[in-house]
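> how would this look folded up:
(chains A, B, C and D)
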Protein chains: 4
Amino acid sequence: MSSETARVEAFSDGVFAIAITLLILDVHVPTSAPGHLGTALARQWPTYIAFLMSFSFIGIMWVNHHRLFNHIRGCDNRLLFLNLLLLLGVTVVPFPTALLAAHYAQADRTISAAVFNGTYFVIAIFFNVLWHHAVRGGLLDSETQESANSISRQYAVGPIAYLVCFLLSWISVPASLAVNIALAVFFAIPPRLQSFSRPVKMHGATK
Amino acid sequence: MSSETARVEAFSDGVFAIAITLLILDVHVPTSAPGHLGTALARQWPTYIAFLMSFSFIGIMWVNHHRLFNHIRGCDNRLLFLNLLLLLGVTVVPFPTALLAAHYAQADRTISAAVFNGTYFVIAIFFNVLWHHAVRGGLLDSETQESANSISRQYAVGPIAYLVCFLLSWISVPASLAVNIALAVFFAIPPRLQSFSRPVKMHGATK
Amino acid sequence: MSSETARVEAFSDGVFAIAITLLILDVHVPTSAPGHLGTALARQWPTYIAFLMSFSFIGIMWVNHHRLFNHIRGCDNRLLFLNLLLLLGVTVVPFPTALLAAHYAQADRTISAAVFNGTYFVIAIFFNVLWHHAVRGGLLDSETQESANSISRQYAVGPIAYLVCFLLSWISVPASLAVNIALAVFFAIPPRLQSFSRPVKMHGATK
Amino acid sequence: MSSETARVEAFSDGVFAIAITLLILDVHVPTSAPGHLGTALARQWPTYIAFLMSFSFIGIMWVNHHRLFNHIRGCDNRLLFLNLLLLLGVTVVPFPTALLAAHYAQADRTISAAVFNGTYFVIAIFFNVLWHHAVRGGLLDSETQESANSISRQYAVGPIAYLVCFLLSWISVPASLAVNIALAVFFAIPPRLQSFSRPVKMHGATK
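Residues are numbered from 1 along each chain as shown, chains lettered A, B, ... in the order given. Got it, this is the predicted structure:
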């Protein structure tokens, strides 16, 4: 049964792997006067933060994709396209991140933060649309129903929370980014909030 | 038996995944005067359209490749090379798309639209050559004969329709692009025109 | 048994897929005066030839890698590193190709052709070193001994032929490139020179 | 059981494959006066060395990752994230290498060597954290305990040795790089120092 989604997962892994690896192309060796390389490197800090944030966020999205497809056993044509829609969101990530890094200390920080947070709002919707189709279309593994319900509850929070985050961009950019990072941590943790030190129970959730 | 095509599919998935992920490299953070980022972002709209079209078209081609290899079970040397020919078409896609985005509002829109539509005409031929070799070479899974016939009927439309689209470039660029997009939608839908809400039947076609 | 080489093949497929897909990044949308796009596109012909040659050569190398690993069943540490050496050659390919495309019509065509042909001489050696290690190290599938012998015979020709090709660069660049292309065709064809129309026998060679 | 780590390995293979293939993008065709291409190519030697070092180091890290996951059978949420942390280190590699290549012959060689060696110090810690979690979390294959112990012993050397290498940057850049290369060779060799000519024993360690 699981072989039905095997190629979807392989293709998605490829897209995630490339998206996460291309990020380093935005980190350039700075030009600097002789003896001032240290300063030039330090001055690039928004680029490093942008790189680390993009890497973490794409990584967390990969873990979530992995989690969803641990529950999805069937495959239909619509799933293929909803998965492509989600991957569209993933491949776009480097653009709003670079935008925010380039404008964080400047006049246009509000609009760049809005684009940044708005991207994650859209991705949260894509994740929910994919998951709800799998749930309603009967594509889930029937043996992991309880674990699937936990995912549904966790994911229901996403679009609303990211919408708040998006609207917050116009009130306070740092606050909106803090909420965005907090949400990333929230989605990094498995839905049943299992402690990391109990790998045996983990297996039940991630297998 | 299916292990015979496993590495061909894995390699192809890699190429599709990379081609679709590299597209974002053509979307750059615009340079703008302080306070004018919004306008600068909005002025880049042909780039976003080009990105979305390339992403959708490569995604649809991946779904079609997936569909074909759900029916192909055997593998010979010629299949390897016809598959490479198809992948050549896939990796080329970003070039005509960028060309069209750069020249859509200018004097050279006809030639750039012709190159754009012509590329898909050639890809349609490559898809047909690959599929016909699989059919005639006895490489198909004998259990899915009916479904394979549906694909053959759908694919026979491709080259002629894309040729019309190509020739239309010289009469009306917008009309030729509308036909191109309509054809993409046509090939996104499974050949037997099964409704999306019947996943059980879907399995028969996509497994 | 074959699972021992599975991850080596998956990693190699990834490298081949990326190398072959990155090639399009060297084909740029030309800058041109309004109404002269056609001429500007036509003037880029060495870039298109370079793209098609790189694509074909990497494709043929992938088919050969595929062929070798259809015979290799065991895996040791040295095989991992000899495979990495071969992949080094594969990832380098875009550089000498771009070099030749940039200098083909100029004073430095001899040295750029020598670098180009020399690269394939080195890759031919890497292919042979990998294959001979597999043969001598007892890593081959014992059931395909005859087919493996055909590969050994075909591969023995490689280094000498590419050395001739390399030396020919100083006598006649076009002749050296013709020999290089002829060698690519030679290695594209399966070693036992089976006709393309007999897929059943094919299976024996490619499975 | 091993299917639990299959997707982690596939994703990691993708990241390694892309990181190692993107390296060639830093090797550019030099601009040169007609007839001086040879000199221009020769003058780029630090770029070639940087390319070969990055390729070798990423290759060795891939072999080590492969070795670790030959022992890891279980998978929990923390393993996913520790693996992402390790992949972060892998994707970063091109940056310090390009930095060192750009500044090796200049005033800032000390700081660029420190960044270069420091990166590998951090990666060594990431490798150890991942491995220790697998050991302590009971995720290892119980049948290869002895071989796993050899890895633990070899890996314990890493952080300290790379710290020495990092500190050495301020005393002698060439010495620090020599130590770095020696450490790469040390980690390229399998932990039990098995001779290359005994593939049968190899299988036990790499399977």
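> Tell me which residue of chain A is furthest from the middle?
residue A:34 (39.7 Å; Cα atoms, centre = their mean).
> Show the backbone phi and psi for the closest residue to that one other than its chain neighbours.
Residue nearest to residue A:34 in three dimensions, not counting chain neighbours: residue D:107, with 4.0 Å by Cβ to Cβ, 6 or more residues apart in numbering or on different chains. For the C-beta atoms, the positions are set from N, CA and C on the backbone; glycine is no exception. Backbone torsions for residue D:107, taken as degrees, to the nearest 10, come to phi -60, psi -30.
> list the contacts for residue D:107?
Contact analysis of residue D:107 by Cβ atoms under 8 Å, 6 or more residues apart in numbering or on different chains lists A:34, A:35, A:37.
> Export the residues you listed as TSV, with columns for pLDDT.
Below are those laid out as TSV (pLDDT from 0 to 100):
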residue	pLDDT
A:34	82
A:35	81
A:37	87
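> Stretch A:117-131 close to chain B?
No - figure legend: stretch A:117-131 not in contact with chain B (Cβ under 8 Å from any Cβ of the partner chain); closest approach 11.7 Å.
> What are the contacting residues of that stretch?
Stretch A:117-131 is contacted from outside by A:57, A:61, A:64, A:68, A:79, A:82-83, A:85-86, A:88-90, A:92-93, A:96, A:151-152, A:155-156, A:158-159, A:161-163, A:165-166, A:168-169, A:176-177, A:180, A:183, using Cβ under 8 Å, 6+ apart.
> Give me the buried entries from those.
Buried subset of the contacts of stretch A:117-131 (neighbour count, 16 or more other Cβ atoms under 10 Å in any protein chain shown): A:57, A:61, A:64, A:68, A:79, A:82-83, A:85-86, A:88-90, A:92-93, A:96, A:151, A:155, A:158-159, A:161-162, A:165-166, A:168-169, A:176-177, A:180, A:183.
> Mind checking which of these are in helices?
A:57, A:61, A:64, A:68, A:79, A:82-83, A:85-86, A:88-90, A:92, A:96, A:151, A:155, A:158-159, A:161-162, A:165-166, A:168, A:176-177, A:180, A:183 (DSSP state H).
> Which stretches in chain A count as strands?
Remark: no strands are assigned in chain A by DSSP state E.
> Quick one: name the residues of chain A near chain C.
A:14, A:17, A:18.
> Count the residues that sit near the first one.
Around residue A:14 sit 29 other residues, with neighbours defined as other Cβ atoms under 10 Å in any protein chain shown.
> show me what contacts the closest residue to it other than its chain neighbours?
Nearest-residue entry for residue A:14: residue B:17, 2.9 Å, with adjacent residues in sequence omitted and distances by Cβ to Cβ, 6+ apart. Applying Cβ under 8 Å, 6+ apart to residue B:17 gives the contacts A:11, A:13, A:14, A:15, A:17, A:18, C:17, D:14.
> Next: residue A:169.
Taking Cβ under 8 Å, 6+ apart as the test, what residue A:169 contacts is A:110, A:113, A:114, A:116, A:117, A:118, A:176.
> cool, and residue A:15?
A:87, A:90, A:91, B:17, B:20, B:21.
> Likewise for residue A:181?
Shown in contact with residue A:181 (Cβ under 8 Å, 6+ apart): residue A:53.
> How confident was the prediction at residue A:203?
Per-residue confidence (pLDDT) for residue A:203: 40.
> about what we covered before: most neighbours out of the contacts of residue A:169, which is it?
Ranked by the number of neighbours (other Cβ under 10 Å), these place residue A:116 first, at 29 neighbours.
> That residue contacts residue A:96, correct?
Yes - using Cβ atoms under 8 Å, residue A:116 makes contact with residue A:96 at a distance of 4.3 Å.
> Just give the number of residues close to residue A:73.
19.
> so what's it closest to, chain neighbours aside?
residue A:141 (4.4 Å).
> Could you pick out the residues of chain A near chain B for me?
With Cβ under 8 Å from any Cβ as the criterion, chain A meets chain B at residues A:4, A:7, A:10-11, A:13-15, A:17-19, A:22, A:25, A:74-78, A:80-81, A:84, A:87-88, A:91-92, A:94-95, A:98-99, A:102-103, A:106-108, A:111-112, A:115, A:137-139.
> I only care about those residues that end up buried; give me the ChimeraX line for that.
In ChimeraX, this line selects whichever of the residues of chain A next to chain B come out buried by 16+ other Cβ under 10 Å:
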select /A:4,7,10,11,13,14,15,17,18,19,22,25,74,75,76,77,78,80,81,84,87,88,91,92,94,95,98,99,102,103,108,111,112,115,137,139
